[in-house]
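Asks: Predicted model and sequence follow; I will ask about them next.
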Amino acid sequence: MHRFMRGFTHRFRRRFRHRFWPEGKQVTLTQMPTGQSGIVVEILGGRMVTNRLSSLGIRPGLRVTKVSSMLMRGPVAVQVGSVQLAIGFGMANRIIVELD
Amino acid sequence: MGNPNVGKSVVFSRLTGVRVITSNYPGTTVSYTRGFMKLGEEAAEVIDVPGTYTLEPTTEAEKIASQMLDTGDLVINVIDATNLERNLYLTLQLLERNIPVVVALNIWDDTEHRGIHIDLSRLQELLGVPVIPTVAVTGQGIKELVSSTSKATSPDMSLRSRDERWAAIGEIIDQAQYITHRHHTWLERVGDASVKPLTGAIIALIVLAVAFLVVRFIGESLIGYVLDPIFNNLWAPVILRLSDLLGGAGLLHGILIGKIIGGEVNFVESFGLVTTGLYVPFAMVLPYIISFYLVLGLLEDVGYLPRLAVLMDTIMHRLGLHGYAIIPCMLGLGCNVPAILATRILESKRERFIAATLISIAIPCAALQAMILGLVGHHGGQYVAMVYGTLIIVWVILGFILNRVVRGFSPELLIEIPPYRLPPWRTVLQKLWMRVYGFLVEAIPIILGAVLVINILYALGIFHAMANFTAPVVTGLLGLPKEAVTALVIGFLRKDVALGMLAPLALTAEQLVIGSVVLAMFFPCIATFVVLFRELGVVNMLKSAGIMVIAALLVGGALNLILQ
């Protein structure tokens, strides 16, 4: 396939995946139930946010498991590989995860 | 250099013999330390820098790290073997700079039971620089690390984009590491429980309550069974002999021994250099310094503090901070100086201003707390509770106000939660000794100096004039005797001595509560003042100091109305 087309289908799939592949449900990290795992598919946010998250080990393609979340819009704790991270509510809300 | 909480400072201590404070949470080191190590016949300078995830810094501490990179001839990149993938990002960034690198694969002992297997020779081949497995806490691999510095190379690597780096790391990981499954350890179960809302809150309450009780128990036992007997049975007779020799009166007697009433030495009230001047630091403050830093050191090394930060995040957001600011606040309960330095782990200027101001106003240091427990506690626990209660309320309300008033933004919490570790007693005690030693050499000269200054000012009648001048505020607003102003002035030097000055004034319990609260809030001691100036700049320091004076007078006045 042409390189241009491949990029296009990739973007198309990401955007409309939930319509064609409904079993891979996509939610934000805050909506994800505790104990559930999933693959990060997208981080909605500026370069600053994506840079900080990626340097700590959260980036598209990685599997995360939610450990806990605090009440009242508190931070979310997730396990990525052997690391545990705490992510503030606002930031966690911008991380889109596809549930296993 | 390396990511936060991989043990850079421990490696540094091992290399140079210079002792630095180390803990189990990211952001322990916030400035750089220099030391020397022997390299063959020569001495090579080694610099310990704060941890950073990338060379694009987001906090003040990380900025220091990336600035120091340009001054070095060789980088020892310490990486956490249990978390290879994330750590390699900084490694690749370092390799792209044309600077020789050796990699210390630290926490090597932890990989096996975590089911992580790393092919060392393959990793070394892929990175193109020496890779030495180390266990810095025990010293394993440090010798090899030193000898490998001569083999440090700078492989020819061109600058890459972020995605290219992650792709390269993916390949390295595929070839050099494989992970086998294993079960959760009990430490991990406790770790998970302490960041869940319900169990976390229960654990936090238990931990803090136990910490407080242990601090009091050790502190009081040291005073009651060790130091008071020494002073009363051994030192008091010496003082009385000395007093006789000096003729029982006169200027020198006044400065050295102070007032002796009825042939007995009152170490708290006599205010001489060798009586109160020694009793306050050694028998009232030192025991609590020891007990507080023992407990804090344990909490730090076990790795509990970041979990407390997660639990407190929602509350701290109301104060214009995020959860991680709880760590400087906890350090402030020991001494405000390292606490204000520790605000460097916060990202924005606004947060640093709010945190530094809150710490210097509402967080009493261990020395002051020891005096509060000693003097106010004498009248009953409810008065001590009143002092702490007031300070906590002030902390919350002031934070709430500052959050509304101070402009700028406060970013979201984003931290790594380190695994719980059981620290070896040696490291805990070593750290305790460093901090106690720091107190002994830094605080005691100032305490003695303060007592000397007090006696001279008394003799010259300056305090008397000052007391009359400020009487409307001190007596009218705060309801304290006018002589209490001397304590507020001396509070600028040392707050423990200052509170001690209230002892001979025969205050009621309520007055002591007001005095303690006002002293805690009023003005930072000179050491804190200097750090505030350095960290915040002149303008913000003056703002912060202004807030302190106003808040102290308002709260003191309010307490006076309520209590009397």
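Replies: Received it, and whenever you're ready, just let me know what you need.
Asks: So residue B:122 sits against residue B:176, correct?
Replies: Yes - assessed by Cβ atoms under 8 Å, residue B:122 is found in contact with residue B:176 at 4.4 Å. Using the backbone N, CA and C atoms, a C-beta is placed for each residue, glycine as well.
Asks: more neighbours, those two?
Replies: Taking other Cβ atoms under 10 Å in any protein chain shown, residue B:122 and residue B:176 do not tie; residue B:176 has more neighbours (21 against 14).
Asks: What distance do you get for the more buried one to chain A?
Replies: Separation of residue B:176 from chain A (Cβ to the nearest Cβ, to the nearest Å): 15 Å.
Asks: So which residue of chain B lies furthest out from the middle?
Replies: Relative to the centre of chain B, the most outlying C-alpha is that of residue B:247, 45.8 Å out, by Cα atoms, centre = their mean.
Asks: In terms of helices and strands, where is residue B:361?
Replies: helix B:349-362 (DSSP states H and E).
Asks: Now find how far off-centre that helix is within its chain.
Replies: 14 Å (Cα atoms, centre = their mean, to the nearest Å).
Asks: which helices and strands does that helix pack with?
Replies: Where contact means 3 or more Cβ pairs under 8 Å, 6 or more residues apart in numbering or on different chains; DSSP states H and E, helix B:349-362 is packed against helix B:326-332, helix B:336-342, helix B:381-405, helix B:509-522, helix B:526-536, helix B:538-563.
Asks: try 7 Å this time
Replies: The contact analysis (3 or more Cβ pairs under 7 Å, 6 or more residues apart in numbering or on different chains; DSSP states H and E) places helix B:349-362 against helix B:326-332, helix B:336-342, helix B:381-405, helix B:526-536, helix B:538-563.
Asks: that older thread, am I right that the residue farthest from the centre of chain B is in a strand?
Replies: No - looking at residue B:247 with DSSP: H, G, I helix; E, B strand; the rest coil, it is coil, so not inside a strand.
Asks: Can you tell me how far it is from residue B:256?
Replies: As defined by Cβ to Cβ, to the nearest Å, residue B:247 lies at a distance of 12 Å from residue B:256.
Asks: so where is chain A shaky, pLDDT-wise?
Replies: Counting by pLDDT under 70, chain A has low-confidence residues at A:1-24.
Asks: which bits of chain A sit near chain B?
Replies: Residues of chain A found near chain B (Cβ under 7 Å from any Cβ of the partner chain) are A:51-52, A:54-57, A:59, A:67-68, A:70-75, A:77, A:81-88, A:90-91.
Asks: Get me the contact residues on chain B for chain A.
Replies: B:53-54, B:56, B:58, B:82-83, B:85-86, B:89, B:114, B:162, B:166, B:192, B:195-197, B:310-311, B:313-314, B:322-323, B:412-417.
Asks: So which of these belong to strands?
Replies: Judged by DSSP state E, those include B:414, B:415, B:416, B:417 as members of strands.
Asks: Looking at these, state which has the most neighbours.
Replies: Across those, neighbour numbers were computed from other Cβ under 10 Å; residue B:415 holds the maximum, 27 neighbours.
Asks: Now do the same contact list for it.
Replies: By Cβ atoms under 7 Å, 6 or more residues apart in numbering or on different chains, the contact set of residue B:415 is A:85, A:86, B:26, B:306, B:309, B:324.
Asks: tell me which of these is nearest to residue B:406?
Replies: Distances from residue B:406 to the contacts of residue B:415, taken as Cβ to Cβ, are shortest for residue B:324 (17.9 Å).
Asks: Apart from its chain neighbours, what residue comes closest to the closest one?
Replies: Closest residue in space to residue B:324, ignoring its immediate chain neighbours: residue B:309 at 4.7 Å, by Cβ to Cβ, 6 or more residues apart in numbering or on different chains.
Asks: leaving aside the residues next to it on the chain, what's closest to the residue in the stretch 451-564 of chain B positioned nearest to chain A?
Replies: Per Cβ to the nearest Cβ, residue B:535 is where the stretch 451-564 of chain B lies closest to chain A, at 23.0 Å. Distances taken as Cβ to Cβ, 6+ apart place residue B:340 nearest to residue B:535, at 5.7 Å, with adjacent residues excluded.
Asks: who's in contact with that neighbour?
Replies: Counting by Cβ under 7 Å, 6+ apart, residue B:340 touches B:356, B:359, B:528, B:531, B:532, B:535.
Asks: you'd agree residue A:100 is up against residue A:32?
Replies: No - using Cβ atoms under 7 Å, residue A:100 is not in contact with residue A:32, being 10.5 Å away.
Asks: Those two: who's more crowded?
Replies: residue A:32 (23 against 11).
Asks: For the residue in chain A positioned nearest to chain B, which non-adjacent residue is closest in space?
Replies: Going by Cβ to the nearest Cβ, chain B is nearest to residue A:88 of chain A, at 3.0 Å. Leaving aside its chain neighbours, residue A:88 sits nearest to residue B:412 (3.0 Å; criterion: Cβ to Cβ, 6+ apart).
Asks: dump the residue contacts of the residue nearest to residue A:74 when sequence neighbours are not counted.
Replies: Using Cβ to Cβ, 6+ apart and skipping the chain neighbours, the partner closest in space to residue A:74 is residue B:314 (4.3 Å). Applying Cβ under 7 Å, 6+ apart to residue B:314 gives the contacts A:70, A:72, A:73, A:74.
Asks: Check residue B:494 too.
Replies: B:446, B:447, B:450, B:525.
Asks: what helix or strand does the second one sit in?
Replies: I take that to be residue B:447. Following DSSP H and E, one finds residue B:447 within helix B:425-460.
Asks: In that helix, which residues are buried?
Replies: B:427-428, B:430-432, B:434-435, B:438-439, B:443-444, B:446-448, B:450-451, B:454-455, B:457 (16 or more other Cβ atoms under 10 Å in any protein chain shown).
Asks: ok, now stretch B:310-327?
Replies: Buried residues in stretch B:310-327, counted by 16+ other Cβ under 10 Å: B:310-314, B:316-317, B:319-327.
Asks: Residue B:392: which of the residues you listed is nearest?
Replies: Nearest to residue B:392, judged by Cβ to Cβ, of the buried residues of stretch B:310-327 is residue B:319 at 11.9 Å.
Asks: that older thread, pull the distance from the helix or strand that comes right after the helix holding residue B:447 to the chain's centre.
Replies: Next along the chain after helix B:425-460, taking DSSP H and E as the criterion, comes helix B:462-471. How far helix B:462-471 lies from its chain's middle: 36 Å, per Cα atoms, centre = their mean.
Asks: List the buried residues for helix B:462-471?
Replies: Residues of helix B:462-471 classed as buried by neighbour count (16+ other Cβ under 10 Å): B:463, B:466, B:467, B:470.
Asks: packing partners for that helix?
Replies: If you count contacts as 3+ Cβ pairs under 7 Å, 6+ apart, helix B:462-471 packs onto helix B:485-490.
Asks: Setting aside sequence neighbours, what's the nearest residue to the residue farthest from the centre of chain B?
Replies: Leaving aside its sequence neighbours, residue B:247 sits nearest to residue B:253 (Cβ to Cβ, 6+ apart; 6.9 Å).
Asks: ok, now which ones touch that neighbour?
Replies: Neighbour list for residue B:253: B:243, B:246, B:247 [criterion: Cβ under 7 Å, 6+ apart].
Asks: name the element it belongs to?
Replies: Short version, using DSSP H and E: residue B:253 is in helix B:251-256.
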